[in-house]
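# curious how this folds, go ahead:
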Amino acid sequence: MSKGTVSKNKTSRKLKEVKIFVISGPGGVGKTTLVKHLFKNKDVRDAFIRGISVTTRRKRPYEKEAEDYFFVTSEEFSRLKKQDFFLESQKVLNQEYGTPNLFYLLARKKNKGLILCIDVKGGMYLKKKVKAGRIVTVFVGAPTKEELYRRMKDRAETKSIMKEKVKLAKEELKVSSNYDFLIINKDLKMAVKELQKIVSVNSN
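Below is the predicted model:
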């Protein structure tokens with residue numbers, strides 16, 4: 001994996017101004033779905049901006065542009081990275097992922113918090129960079145490792161990709177204790193309620 005990067009422009013000097021919630025977890029655990037359901041709540045929408053990542057990976061059939069991710073080519077991602085477009089960026093399983101600065105700037109302009117659904121390495125990178133008390137990290141896990149691997153298998157295109165995903169998941173689970181909160185996504189409704197409570201209690 002490549003090292004994460006924080007933009008060298010004004011954004012990186014003002015990371016203390018916006019409360020950031022980072023939602024992370026292994027692929028297939030349901031973190032994106034969890035955040036989508038969270039934003040169905042009007043109070044959440046009124047108080048937070050939802051960040052959407054840019055990625056070079058292929059769009060899955062059920063995903064929507066600008067709702068799940070912004071899908072770009074590797075060349076386009078490299079160009080954006082050179083322009084300091086990203087708050088942070090990571091390489092995961094040979095695909096690039098990045099959080100656009102614009103969501104942070106929008107949250108600051110509207111005096112709202114920012115909720116990001118990003119990979120574990122990106123989450124840990126931001127936790128080190130953002131001023132203490134201005135970032136809350138939430139790790140989303142599956143009920144069991146077997147259930148996690150089953151979900152991952154449903155999404156893996158080949159056995160080799162599945163093998164890589166399992167290896168990555170094992171690495172990510174090792175650092176779950178470094179997150180502020182842990183949510184086990186066994187029942188979606190309950191997980192959403194738990195996340196909403198975490199966000200509500202820690203939003204100030």
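
# from the centre of the chain, point out the most distant residue.
Distance from the centre of the chain peaks at Lys159, with 25.2 Å (Cα atoms, centre = their mean).

# roughly how far does it sit from Asn94?
If you measure Lys159 against Asn94 using Cβ to Cβ, to the nearest Å, the figure is 16 Å. C-beta coordinates here come from the backbone N, C-alpha and C atoms, glycine included.

# where does the prediction get shaky in this protein?
Screening the chain residue by residue with the criterion pLDDT under 70, one finds the ranges 1-16, 156-157.

# which one's the longest helix in it?
helix 159-174 (DSSP state H).

# please report how far the residue nearest in space to the middle of the chain lies from Thr144.
Closest to where the C-alpha atoms of the chain average out (Cα atoms, centre = their mean) is Ile118, at 1.6 Å. Here Ile118 is placed at a distance of 24 Å from Thr144 (Cβ to Cβ).

# can you tell me the SS state at the closest residue to Glu67 other than its chain neighbours?
The shortest distance from Glu67 to any non-neighbouring residue, by Cβ to Cβ, 6 or more residues apart in numbering, is to Ile52 (7.3 Å). For Ile52, the secondary structure call by DSSP: H, G, I helix; E, B strand; the rest coil comes out as coil.

# what bridges to Val54?
Phe70, Gly98 (DSSP bridges).

# list the contacts of it.
Applying Cβ atoms under 8 Å, 6 or more residues apart in numbering, we find Val54 in contact with 69-72, 77, 80, 85-86, 96-100.

# need those in TSV (columns: distance to His37 and neighbour count).
Listed next are these as TSV, based on distance: Cβ to Cβ, whole Å; neighbours: other Cβ atoms under 10 Å:
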residue	distance to His37	neighbour count
Tyr69	17	20
Phe70	21	16
Phe71	22	17
Val72	26	17
Phe77	28	23
Leu80	29	19
Phe85	28	18
Phe86	26	25
Glu96	27	22
Tyr97	22	22
Gly98	24	25
Thr99	21	28
Pro100	22	19
